[in-house]
Each structure stands twice: as C-alpha cells, then as structure tokens.
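*Asks:* Got a predicted structure plus its sequence, pasted below:
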Amino acid sequence: MINWMQTLALIELSITCGVVIVWFIHLTINKFLPMAMRWILVLILANVFFWPMGLSLELPLVGYVRGVTGDLSVVLTLLLWSAVMLPSRPVPVGFRVALICIALMFYPLALGLGMFDPYVWGYGSLGFLIGVVLFALVCGLLGWTKGVWIFAIAIIAWAGHWHESANLWDYVLDPLLAFWALITCIRILFIRRRNKAQSGYLFRPG
Amino acid sequence: MSRVIAFCFLLLAAVIGVLHLDTRPAWAPFADSLAAVVEEAVEEELPLPASSPKQAATKPFNKLLAKPIIESSIAKPHATWLPDTDAPSVHAASLIALKDGGIRAFWFAGSREGARDVVINSAVFDSRSSLWTAPTVVINRVDAEKGLARYIAKLGNPVPSRMSDGRLQLFFVTVSIGGWAGSSISTIISDDEGLTWSQPQRLISSPLLNISTLVKSPALTFSDGRLGLPAYHEWIGRFGEFLRVDAAQVIDKRRMSSGRGAIQPVIFTNSPQDAAAYFRQTRKAGLPKIIPASLTSDAGQTWQVSQDLAIANPNAAIAGLTLKNGIRLLALNNIEVGRARLVLLMRLPQSDQWQIVQTLEDDEALPNDQRKEFSYPYLMSGDGQDVHLAYTWDRKKIRHVHYSSAWLKREYQQLSAPTQAPDANTKEGQP
C-alpha cells in the first residue's frame, strides 16, 4: 500500500517536472511547440526524472525534487498538466486573485500567527468541504469549467488518500500555486499597463 | 452540456467527500488519566470513609506519607552510560518500556549534530543485570530517504511510543533542506519490540511544503487507542502543536501556543479532559526566562496559554513524568543561561510548587570554558512506579539514571515534611 502510494507520487511528480521543463521551453523561445512534440518531450523527461540514474546519486532525480517540494497539490498538478499538455484557455484572472487573497490570509495564520489555525479545517470540517465545493461551483458558473473538474478531482483524491496528507488543504492549495498566481497576476497587470501606454502613444494627437 | 457534466462530477466528488468525513474518528478523551489510576489504587489499598472530591484527590499522597520507608531497603539512584558507538557526537536520547521488562533507548549519533553521517541508534537495558546491550542502528539517512522516496539531508530526535495494538512506533525528525527549521516528522513501526522496523512513512503536519514540525516529547494515548503527539514548529513561529496520530497519519492537530517563545511541549494529564503543557522557552532577550505553560480542558482540542511556571529555563528541553501513585517529576536545567546544571524536581502535593530532589550535574562553579553541557532529559517509567532518566552528557555520551520506587517515595515524604527541601530555582539540591 505504502510503496504503491510512494511510486504513484513519484510518477506524478516526474510528469510534473517534465511539464514544467516544457513550460519553461515555451517561455524561453516564446513560442508553443506542437502538441505531439510536447507529449513526447514530457514522456522522455518524466522517465529521466523517474528512473534511477546511477552515478553517485542515491535516488532518482525526482526524489531530490520531492525532498524540497513534497507532494504538490492536485489543483496545481492538474492546472500545470492541462495548461501544457492540452489545448486550453488561460486560467481566469479572477481565480488567480481569489487564490492570492486566500493564500495571504491562510499562510500567516497556519504558520503560527495567533492561536487560530485554519489548516485544522482540512482534517474533517464539513464547512470547509462545502466551501471548496462552492468555490468550484462559482468557477463553473463564471465559465471556467476546467476549474470544476480540477477541484472535483482534488476532493476525490483527498477522500481516496492519494497523497500522504489527510488534509484537504494540501490537495487544493500549496505555496507554489499561490506563488504562481501572484507572479502571473503581476505579469498580467504589467502587460495591461504597457498595452495601455502603447495604445495611448499610437492614438495621441500629433 | 460540458458544464452540466462537470457540475454532476462535482456533486459526485462532494458526496464522496461527505462520506469520507463521516468515516473520520471523533476526538476522544485522554486515556492516561491520573485520577482513574489513583482512585483505583486507593480503593484497593486504603479503604476510607466517603469524602469530598478534594479529599479524594489527596488520598494517594496520604497513602505515601502513611507508610514510613525503611532507609536500609532503599536503593540509591543507579547511574549507567548508554553504550558507546564511537561517534564523536550523541544527543536526544529517549526511552520506552519493553514487554519483557527491559528498557529500549534511542538516540542519534554521528560526527556532529546535523551531519550526514548521523544515524539513530538503539540499545536495550536489562533491569535484572543493569547492563546495556550493544548498540544497533535503527535507521540511517540513506535508508530513510529510500523508504520515504525523497532526499533526506539529516536525521534527529527519535521519540518512541506504544501503539494500541502493542506494536512499537518510533517518531523521528528528518530534514531535506536547511536547518532544523526545515524538519518534518517521519515514523517507523516494529512488530518485534524494536529488533526490525518497517519502511519509514512521512507525517504531514504543515501546509508550507510540510516543513518545520519537530518532535521531542513522548506521546499520550487517547481512549480510542490513537496517539496524541506533542510537536512544535521552529521556523517563522516557534510554538507547540498537539498532533492526533492514527498509525502513520496525522488526522487532526491543535495549536498549543503561538508566537516565537515556546517549543518542545511536555504534557501532564490531570483527568480524561484536563491537561497542562510545559514548554522550553525560546523568548527574545528581555522577556522572562521561565517555563511557558498552556492548559486544556477538552482533551487537547483547544489550548489556552496560562501563567508561566516559575522555574528558570535557559532555552533548553525539559522532561516530565507522572507516576501511578501521583508523584510528578520534571528534569531540566534550572538556570537562565547555559546548560551546565541539570536537576530532578518533584511537585509538592496539592500544589504547583516544584522542589529539587536531586542535582544530577552542576558545572556552574567552573569557568565558562570548562563547563559541560547536560541537556535533553527524557523521563520514563517501566512499571509506573520507578523512573528511568536519560540525558545528553556533554554531547559525548548519554547518561542513564534509574530511580527505585522506594527512593522516590522517601524523597516525597521528605519534601512533605515541615523542613522543606530547596525550591526549584535554588542551586543546592540533594545529591
């Protein structure tokens, strides 16, 4: 049971490592690779991360990544995979902003600010589960259907104990997801301001 | 249409989630209740007329005081060393009683604290011969990282526990990156009293990459058989946490303190619902260097920070133990700076006053560069009446001291006598 869980977690993270590298290639060359090439690249990279490399390494490469990151949330994992491996629309800005707001409130409290710890809700709070379901529902009502699927799978993963954690928070949020939301929001803001400035230049009366 | 299918799938996920919540065990009272043990003992040995609850609480102490101890029959505390592993640095010893009456010790050893060659060692103390077996390696860094399927940089702080099904469980700290602030707790389980161990498993207890949770003090048992593990954070915040553990999984946790001033909680249960926790203080300069405390009245579901225990603490670990007869003990460094003095304290009956019953080590009179470190005490009882103490001796050895039941009772009688022993903050104790 445990070995199965560890192997599954390593496969999941190996694929994520491959996806992240393909994503960085996108960012570097500023151009999307053909879908088939992305799949082949991810497949190769995931295998490179998953299998022991020998040499002087005690673990496969993914073991070193997991030592730092632990198991990533299901929401981050599926967002990454779907963004790179499937044709998809950008993640709505509203979702990213909501994520930042939740993370800014959640992490200071969960890391020891005061006696109130919202992380406890993730172990067995019906109210928190309803909150996550409502959040997914709102994503769907605002037109982001993929978000509904992602949160639904995250809840099932938590109930099925796919990862080591028994806490629902660990399936729907992690610091890397919050960091990604923050960075991309700043980038979107920057691009919008730049476009606005350029459009003002173009239409400025001569 | 795709949105409708997605909503249906979300509904299915919600139902599965609710069903999963329904299987989660409810919070349970403490099983390690002093009151229950005390009342049973009094009924068996000292039948008395009906009395008020307050009087009933004093019965075990009266029983202790009623029987004079014959001095010649009292064995003095017996000190030994845990077996040498040839490692230059050893630290963080802990103890647990075995089913055959022996005592198994765990500690970590290596070239220095936090080095990559640190391993967790174990040895067994035979109470009849008063000898330790040769040390064995329970787990090393490479085995830990292969079992946990992730990189591990160092190991530390082993804490044993007894599971409800009788198996032995060892919690220990692992770090993948950074210092001790980057710690996580892992666990291994033994079916044969510590001869062989299972693959390690990771406890998830923190939302930030699961870093910064450590363990030092022994676990309590809940009435449903699950363990309550006192843990602590040591990164942005320094505070205590109470983990509810089911085998190798954290199924709930509660905060015991907040801020940056209290770690390494030690818990004394008073009843199935009430308990007090004492901490190692990590306060900044200018704040009192005494022991922080927290209380719970709902079996650890909520904790309130309470008045400090007025015993000096130099940012060093403390150990606590309650015996079956109600005697409570603390082992700690009762100084504000350094770890050059280590004492054993006993609580006075019906009081929050603690008094020194033995000064185990004292280098306070020596110049600073000649003082040794005596730290990380761990208290444990084999049969609920005697006491075993282990502590780090100058980071080079682990000292073990065994106190007999008779010696403890005599000390208790002397404390209760009109001429009082020195209090916890005075230097001289009874050697």
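*Replies:* All right, it came through fine.

*Asks:* From now on I want contacts and neighbour counts done on CA atoms only, so please keep to that.
*Replies:* OK.

*Asks:* If we ignore the residues flanking it in sequence, what's nearest B:Ser176?
*Replies:* What sits nearest to B:Ser176 in space, not counting adjacent residues and going by Cα to Cα, 6 or more residues apart in numbering or on different chains, is B:Ile152, at 4.4 Å.

*Asks:* If you drop the residues flanking it in sequence, what lies closest to the residue of the stretch 101-250 of chain B found nearest chain A?
*Replies:* Going by Cα to the nearest Cα, chain A is nearest to B:Arg150 of the stretch 101-250 of chain B, at 4.1 Å. Among residues not flanking B:Arg150 along the chain, A:Gly63 sits closest, at 4.1 Å (Cα to Cα, 6+ apart).

*Asks:* Alpha carbons of the helix or strand containing that neighbour, as PDB, please.
*Replies:* According to DSSP states H and E, A:Gly63 maps onto helix A:61-69. What follows is helix A:61-69, C-alpha atoms only, in PDB (Å, rounded to 0.1, in the frame of the first residue of the first chain):
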ATOM      1  CA  LEU A  61      16.200  12.800  -9.800                       C
ATOM      2  CA  VAL A  62      12.500  13.200  -8.800                       C
ATOM      3  CA  GLY A  63      13.500  12.100  -5.200                       C
ATOM      4  CA  TYR A  64      15.600  15.300  -4.900                       C
ATOM      5  CA  VAL A  65      12.800  17.500  -6.200                       C
ATOM      6  CA  ARG A  66      10.300  15.800  -3.800                       C
ATOM      7  CA  GLY A  67      12.700  16.400  -0.900                       C
ATOM      8  CA  VAL A  68      12.200  20.100  -1.400                       C
ATOM      9  CA  THR A  69       8.600  20.400  -2.600                       C
END
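
*Asks:* now for that helix, which elements pack on it?
*Replies:* helix A:2-29, helix A:35-50 (3 or more Cα pairs under 8 Å, 6 or more residues apart in numbering or on different chains; DSSP states H and E).

*Asks:* Using a markdown table, please lay out those together with mean pLDDT, mean neighbour count and distance to B:Ser416.
*Replies:* Output for the helices and strands packed on helix A:61-69, formatted as a markdown table (pLDDT from 0 to 100; neighbours: other Cα atoms under 10 Å in any protein chain shown; distance: least, Cα to Cα, whole Å):
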| stretch | mean pLDDT | mean neighbour count | distance to B:Ser416 |
| --- | --- | --- | --- |
| helix A:2-29 | 90 | 18 | 54 |
| helix A:35-50 | 95 | 17 | 66 |
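
*Asks:* okay, which residue is most central for chain A?
*Replies:* For chain A, the residue nearest the mean C-alpha position is A:Leu76 (1.7 Å; Cα atoms, centre = their mean).

*Asks:* Surely that one touches A:Pro175?
*Replies:* No: A:Leu76 lies out of contact with A:Pro175 (Cα atoms under 8 Å); the separation is 9.8 Å.

*Asks:* Where do the helices of chain A begin and end?
*Replies:* Assigned by DSSP state H, the helices in chain A fall at A:2-29, A:35-50, A:61-69, A:74-85, A:93-110, A:121-124, A:126-141, A:145-159, A:169-172, A:175-202.

*Asks:* and among those, the most buried is which?
*Replies:* Comparing the helices of chain A by mean neighbour count (mean count of other Cα atoms under 10 Å in any protein chain shown), helix A:169-172 ranks first with a mean of 26.

*Asks:* Alongside chain A, which residues does the stretch 151-300 of chain B contribute?
*Replies:* B:151-152, B:176-177, B:201-210, B:236-239, B:249-259 (Cα under 8 Å from any Cα of the partner chain).

*Asks:* quick one: the closest residue to B:Ile356 other than its chain neighbours from B:Ile327, how far?
*Replies:* Leaving aside its sequence neighbours, B:Ile356 sits nearest to B:Leu345 (Cα to Cα, 6+ apart; 4.3 Å). Per Cα to Cα, to the nearest Å, B:Leu345 is found 10 Å from B:Ile327.

*Asks:* measure A:Leu176 to B:Ala87 for me?
*Replies:* Distance from A:Leu176 to B:Ala87, by Cα to Cα: 40 Å.

*Asks:* Show the contacting residues for the closest residue to chain B within chain A.
*Replies:* Nearest residue of chain A to chain B: A:Gly63, at 4.1 Å (Cα to the nearest Cα). Contacts of A:Gly63 were listed using Cα atoms under 8 Å, 6 or more residues apart in numbering or on different chains, and they are A:Leu10, B:Ala149, B:Arg150, B:Tyr151.

*Asks:* a markdown table please, covering the residues you listed and showing distance to A:Leu129 and secondary structure.
*Replies:* Shown next, in a markdown table, are the contacts of A:Gly63 (distance: Cα to Cα, whole Å; DSSP: H, G, I helix; E, B strand; the rest coil):
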| residue | distance to A:Leu129 | secondary structure |
| --- | --- | --- |
| A:Leu10 | 27 | helix |
| B:Ala149 | 30 | coil |
| B:Arg150 | 30 | coil |
| B:Tyr151 | 33 | coil |
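
*Asks:* Can you tell me which of those are buried?
*Replies:* Neighbour-count burial (16 or more other Cα atoms under 10 Å in any protein chain shown) is assigned, among those, to A:Leu10, B:Ala149, B:Arg150, B:Tyr151.

*Asks:* hmm, back to that, so what's the residue nearest to B:Arg150 scoring on pLDDT?
*Replies:* With respect to pLDDT, A:Gly63 scores 95.

*Asks:* State the distance from it to B:Lys146.
*Replies:* 9 Å.

*Asks:* B:Ala417 now?
*Replies:* 57 Å.

*Asks:* The two: who's more crowded?
*Replies:* With neighbours defined as other Cα atoms under 10 Å in any protein chain shown, B:Ala417 and B:Lys146 compare such that B:Lys146 has more, 17 against 11.

*Asks:* so what's the residue lying closest to that one once chain neighbours are set aside up against?
*Replies:* Counting by Cα to Cα, 6+ apart, B:Lys146 lies nearest to A:Leu59, which is 7.1 Å off, once chain neighbours are set aside. Contacts here follow Cα under 8 Å, 6+ apart; on that basis A:Leu59 touches A:Pro52, A:Met53, B:Glu145, B:Lys146, B:Ala149, B:Arg150, B:Tyr151.

*Asks:* So for stretch B:261-268, mean pLDDT?
*Replies:* Rounded mean pLDDT across stretch B:261-268 is 96.

*Asks:* go on, stretch A:156-164?
*Replies:* Mean predicted lDDT for stretch A:156-164 stands at 95.
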